[in-house]
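> no sequence for this one, just the structure:
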């Protein structure tokens, strides 16, 4: 395999060209990750994560991809309902105090709903959705990392998701983030 670092602020033409092999839509922004397997180019974290889980599951690592249809459906639902989709909308409002306050209040409410989802669907025996780390956590990890790092850095302590979990009693979500 070959790992290639890309400056996302100054995307090289070959990177954009490679992205277009998978997604030819000229209005979409070329982004990471990109995985090339032979002649096939894959983009989007969810697609790549499922490909890796499917491919390597055959080699004894099947626990990463939930083994049941119910588990796989829960993992997909978790990703769909996650409030960790994009930090950019919030960061764009960081210089507009009232708009930022509204965005953060909406995010905080979404965190409550996500904690409720985890209370209903997640394993009681572990902090993860299922008993072990699975595709859902792998798909959400990069987004969660951005939320927990970038929001407090650019928007101040009032945008600290981990602190909100403690203040608001979002125990399941807090344990999931810590894991």
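Sure, I can see it. Keep in mind that this is a model prediction, so the values were computed, not measured. Residues are numbered from 1 along each chain as shown.

> Let's check: the centremost residue of this protein is which one?
With distances taken as CA atoms, centre = their mean, residue 140 lies nearest the centre of the chain, 2.4 Å away.

> Quick one: residues contacting that one.
Applying CB atoms under 8 Å, 6 or more residues apart in numbering to residue 140 gives the contacts 78-79, 82, 84. Yep, even glycine has a C-beta here, placed from its N, CA and C like the rest.

> Whichever strand or helix holds residue 48: which residues count as buried?
If you go by DSSP states H and E, residue 48 is part of helix 45-56. Residues of helix 45-56 classed as buried by neighbour count (16 or more other CB atoms under 10 Å): 45-46, 48-50, 52-53.

> Equivalent analysis for stretch 23-39, please.
30, 32, 34-35.

> which among those gets closest to residue 151?
residue 32 (20.1 Å; CB to CB).

> Can you pull the phi/psi pair for the closest one?
Dihedral pair for residue 32: phi -90, psi 160, per degrees, to the nearest 10.

> same thing with residue 12?
Torsion angles, degrees, to the nearest 10, at residue 12: phi -70, psi 150.
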